[in-house]
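> What follows is a predicted protein model with its sequence.
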Amino acid sequence: MLDAKIPAGKLEEKWNNYKGHCKLVNPANKRKLEIIVVGTGLAGASAAATLGELGYKVKAFCFQDSARRAHSIAAQGGINAAKNYQNDGDSVFRLFYDTIKGGDYRAREANVHRLAEVSVNIIDQCVAQGVPFAREYGGLLNNRSFGGTQVKRTFYAAGQTGQQLLIGAYQAMERQVALGNVEMFSRHEMLDVVVIDGKARGIIARDLVSGKLERYFGHAVVLCTGGYGNVFYLSTNAMGSNATAVWKAHKKGAFFGNPCMTQIHPTCIPVSGDHQSKLTLMSESLRNDGRIWVPKKKEETRRANDIPEEERDYYLERRYPAFGNLVPRDVASRAAKERCDAGYGVGTTKQAVYLDFKYNLINKYGRTEASKQGIHNPDQETLIRLGKEVVKEEYGNLFDMYEKITGENPYEVPMRIYPAVHYTMGGLWVDYELMTSVKGLYCLGEANFSDHGANRLGASALMQGLADGYFVIPYTIGNYLADEIAVKPIPTTHEAFEAAEAHVSERINTLMNIQGTESVESFHKRLGKIMWEKCGMARNEKGLKEAIVEIRALREEFWKNVRVPGEINEMNPELDKANRVADFLELGELMCMDALDRRESCGGHFREESQTEEGEALRHDDEFMYVSVWNYKGDESWEMLKEPLNYEVIQPTQRNYK
Amino acid sequence: MNWSHFFTSSVGKKIIMACSGLFLIAFLLVHAGLNACIWAFDGGEMFNKAGHFMGSTVVMRILEIGLFVFFIIHIVQGVVMELQNRSKRGSKGYAVALGNRGSKWYSRSMAILGLLILLFLIVHLGHFWIPNRSNQGWLLGEEINLFEKMKEVFSNPVWVILYTVGVIALFYHLSHGFQSAFRTLGLTNHKYINIIQTVGLVYNVVICLAFIMMPISFYFGWVQ
Amino acid sequence: MEHYNMNLTLKVWKQKNSQSAGRFETYQVKDVSSEMSFLEMFDVLNEQLIHEGKEPIAFDHDCREGICGTCSMYINGRPHGPWHGTTTCQLHMRAFKDGDTIVVEPWRAKAFPVIKDLMVDRSAFDRIIQAGGYISVNTGVTIDGNAIPVNRDNAEKSFAAAACIGCGACVAACKNSSAMLFLSAKVSHLALLPQGEIERKKRALDMVAQMDKEGFGSCTNTGACEAVCPKEIEITNIARLNREYLSAGLSADK
């Protein structure tokens, strides 16, 4: 039943062999084939652009007012690629190895190796498109290092790499719009997939301005709708980021892979109060130059700068001397939680740790800059001044953002940070061709489960989104569409379209007619609280069981007592939100079920029952070396299938960053 | 891109404004230079000679036509652009204006300042240019004594005040216009902006001071 | 940082849809924390309105970290409010004090019609990009990234221009509703890189033509755009665009 369609042959030859043997569609036939792309982030925009360039008729959808606003834009730190421009020992194999290891041996070898292979093409493509990456004085590309690796392979554009890459993909797509190959539908939200004879043949979308439901046909449907971190209410995702598209696909037969695998990012600005609507990330790249610490004394009341060096506990450097502040995200997050739970937290809420730049500001940047400028024996003040200038260049926008949000100047006092939900490794299950278990329905980028296993390394999300969109889907979708060239566009009056639209319409009517007393937002907040407390950074059997019961009760209450103001046939952001939260209320339960099933700790999934004596995550490869693949059986019941993970090249070991 | 497209796009229209503006700026320099002859303190002899050169040589009179053409282009284009630009806000304006928080008042008031200058210009032409040319029979005939004419006009305090107001309007118009013309022609960057602004300020102060001092010099009898 | 609470009076533009006439509504918001973001204050107000059975205020927002460019409020006469170099979502309530009255309007420009309340349609920006805001290369480039060296200063200037988030504050602030800062940022981003050289002339001419078609005004160099730009895009980009336009227009052979 589960066929991942991984090509035979040696690992490093699989993708080349696939490309050499997959079916092709000739240019004349491409023009007759229509493809729907939902979502215009890195994966969606790059896929729409590339498929348009190839000659397919593409319809692209996004719920934002412009394709350029997709949340990929907020990625800060960078994008990995195995270019080895730094001559520091990087290679495709090493990037592949780091990604598998970082993912705690829960990802498919073949997919990850392909990702590492195409990573180098991504950089070439982006440079040619005019992405203004950071440069050395000699004019060549610069790199920085990121967590979980020991080489410098991350390409970046200040703290706005996601923005620059997305603008590149967006521009490529707008070029295809101008050429008539891509038709763009902004402020449109996909509310169902239309499946005819077992194949995805279209979508039902709601025009968010007029509120009208519309039907669109496609020979294939590609979902690039991002992750579902907003199930936690508070996350670093955008307010509009949602799981509705993938959830609808799931309910139409697309399996869901590893729903419990969520990534908690260690460096976010802490929560300041009940009013909080979202959390803001401070790029992982800051851990290059910032040192994380808490006071050695509990209930410390002194201000950070007044605490002397010897009374500070640089706990990451202490626990993980080899990787220090650059351990993978899951490890850093749990370590922060451990310190705060033990009573060493800082700030008013005591749910924060310090990220301090002073040391590197003076010793790394200050000294280098001083020697560059020929200043001998510089005093402390000069070093700080020079260091600040360099830090401003590297991270200026992040420091400004921190100051705007907290009112504190991070050049003077250490940042306060705390982990927050950031990324979801889980997503729709896809095979090697990125096709879900529904034929002709593809899933790309964060929305699928494929490449990051149980934990994603920093700067790898941008890499995966663009790899899928630019370099994988153009080949794999052709392999499917080659057999579809005889299929004429199906009129949207087909009964399957009728039925799908009727179903969506009925649900919207139900939502509008409840007219209860509680706002959508309040249900979302309550769901988020359950998820964060019981399915967050640390999980246990009791909590997860409770969470499932609570979520079910909350869902029932939602459908009885939610209040959606306004009307259906108009711009109605509350209705949009209600549609999304209704789906989160179902997805949350599945996440807890998956977390409950996986009685081991791996990557971002930490089961308290499964840890080493030192409190590190403890995997059980004998029992859980599989992808949990959930098949929706209707009526809120699921069947779990297992896709075994066979490691042919890498020998899984307990991760060790000491 | 044919010429008409080139000059009628929003950037093209501005290029016309900038070029005609720079021509007028050059003209002001000549005008102020010639008029400064009143301060030769020779009873207007040098000044009238200069006036004669401008009014009774064929080349100068042909250039004069060019001057009028540029004036008209600058005025008409300016008015048209102002009206077009005003319509771009749509049917509703803002309840609270950004005002001086984003720009200088005179940068936003170029059209009003320009119209003030135009009114002043009409009066000014009525005082000197029209009587002189009509006396010449519009061609190269006998000129009036412009120095005496100035004395006469500027003995009236009303005209002195009006001229002062006109020059103040010119000052603010140039304060924006000078550097704006260079921006429009793409000649501004981080390196040149300070030079352009400094030169603009010096030019503006010198020209406007010179013009303002003329009526005042006559009125107070510093020039006889 | 000292925290405090405040009570505010809000005058907000309400408009049912693009066809209907709008008007200002006055709202009282109590116990607003100085630690809230401006949009979180709107969340609180909307929650209150929903509880009272009233229509909440529709406004555009998404990432809430100042990078997506979706939020677009004209606050007390200034796009994105009183803080320099800040988007509406990054504006925090410590910018205000107890008893303040805050007037919130949508972007006003003929090219940005109001969709509802504070939401406007900025698709004109997408069409300007479609007119030439890209480098025409198909996927599958095989030139190595390092085969195209870029002068570091130019790379930085290009990046600074490319940092534009397309929010439209420049249009909202400009007395002519001109989109020149937006347009010039894109032209500069690409013109400063060797990759952008090939299509440089056509790009400048086509994008200006599209901007005119969309109904934006012309630039009169007042500098209001630069003053309110949340990403501090410099007005020197406009001079660069003019330069590009001039040289492209004069050197075209037809």
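That came in fine, so what should we check first?

> Tell me, what's the model's pLDDT at residue C:1?
We note a pLDDT of 58 for residue C:1 in this prediction.

> how would you label residue 124: helix, strand or coil?
No chain in the question, so chain A it is. Counting by DSSP: H, G, I helix; E, B strand; the rest coil, the backbone at residue A:124 sits in helix.

> wait, chain C
In the three-state summary, residue C:124 is assigned as helix, counting by three-state DSSP.

> wait, it sits on residue C:110?
No: counting by C-beta atoms under 8 Å, residue C:124 sits too far from residue C:110 to count as a contact (9.7 Å). Heads up, the C-betas are built off the backbone N, CA and C, glycines and all.

> which one of those two has more residues nearby?
For residue C:124 against residue C:110, the residue with the higher neighbour count under other C-beta atoms under 10 Å in any protein chain shown is residue C:124, and the figures read 22 against 17.

> ok, that one - contacts?
Contacts for residue C:124 were tallied using C-beta atoms under 8 Å, 6 or more residues apart in numbering or on different chains; they are C:111-112, C:179, C:214-216.

> any idea which of those residues is the one closest to residue B:163?
residue C:216 (39.0 Å; C-beta to C-beta).

> residues near residue C:3, how many?
Based on other C-beta under 10 Å, the number of other residues close to residue C:3 is 13.

> got the domain boundaries for the chain?
Defaulting to chain A. With domains defined by automatic domain parsing, chain A comprises A:265-421, A:493-626.

> think we crossed wires, I meant chain C
Under the assignment automatic domain parsing, the domains of chain C span C:5-115, C:124-251.

> helix/strand/coil for whatever residue of chain B ends up closest to chain C?
Using C-beta to the nearest C-beta, the point where chain B gets nearest to chain C is residue B:186, with a distance of 2.7 Å. Assigned with three-state DSSP, residue B:186 falls in the coil class.

> Tell me the spacing between it and residue A:54.
According to C-beta to C-beta, to the nearest Å, residue B:186 stands 39 Å off from residue A:54.

> related to what we said a few turns ago, contacts with chain B among the contacts of residue C:124, please.
Counting by C-beta under 8 Å from any C-beta of the partner chain, C:111, C:215-216 from the contacts of residue C:124 sit close to chain B.

> Tell me the most packed of those residues, by neighbour count.
Counting neighbours by other C-beta under 10 Å, residue C:216 comes out on top of these with 29 neighbours.

> residues contacting residue A:192?
Under the criterion of C-beta under 8 Å, 6+ apart, the neighbours of residue A:192 are A:203-204, A:248, A:252, A:500-501, A:503-504.

> Can I get the domains of chain A in CSV including mean neighbour count, mean pLDDT and distance to chain B?
Converted to CSV, those look like this (neighbours: other C-beta atoms under 10 Å in any protein chain shown; pLDDT from 0 to 100; distance: least, C-beta to the nearest C-beta, whole Å):
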stretch, mean neighbour count, mean pLDDT, distance to chain B
domain A:265-421, 19, 91, 17
domain A:493-626, 19, 97, 19
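
> ok so, going back, among the contacts of residue C:124, which ones are in helices?
Counting by DSSP state H, the contacts of residue C:124 place none of their members in helices.

> Between those, which sits nearest chain A?
residue C:112 (10.6 Å).

> which non-adjacent residue is nearest the closest one?
In space, and not counting its chain neighbours, residue C:112 is closest to residue C:120: 4.2 Å by C-beta to C-beta, 6 or more residues apart in numbering or on different chains.

> So in terms of bridging, what pairs with the one you found?
Here residue C:120 shows beta-bridge partners residue C:114, assigned using DSSP bridges.

> which residues sit against stretch B:191-208?
B:25, B:28-29, B:32, B:167-168, B:170-171, B:174-175, B:178-179, B:182, B:187-188, C:236.

> Any of those residues buried? List them.
Restricting the contacts of stretch B:191-208 to buried positions leaves B:25, B:28, B:32, B:167, B:170-171, B:174-175, B:178-179, B:182, B:187-188, C:236, with burial counted as 16 or more other C-beta atoms under 10 Å in any protein chain shown.

> Just those: which are in helices?
With helices taken from DSSP H, the overlap with the buried ones among the contacts of stretch B:191-208 comprises B:25, B:28, B:32, B:167, B:170-171, B:174-175, B:178-179, B:182, C:236.

> neighbouring contacts of the strand or helix carrying residue A:183?
Residue A:183 is part of strand A:182-185, with elements assigned from DSSP states H and E. Contacting residues not belonging to strand A:182-185 are listed as A:48-49, A:52, A:57-62, A:67, A:173-174, A:176-177, A:205, C:126 [C-beta under 8 Å, 6+ apart].
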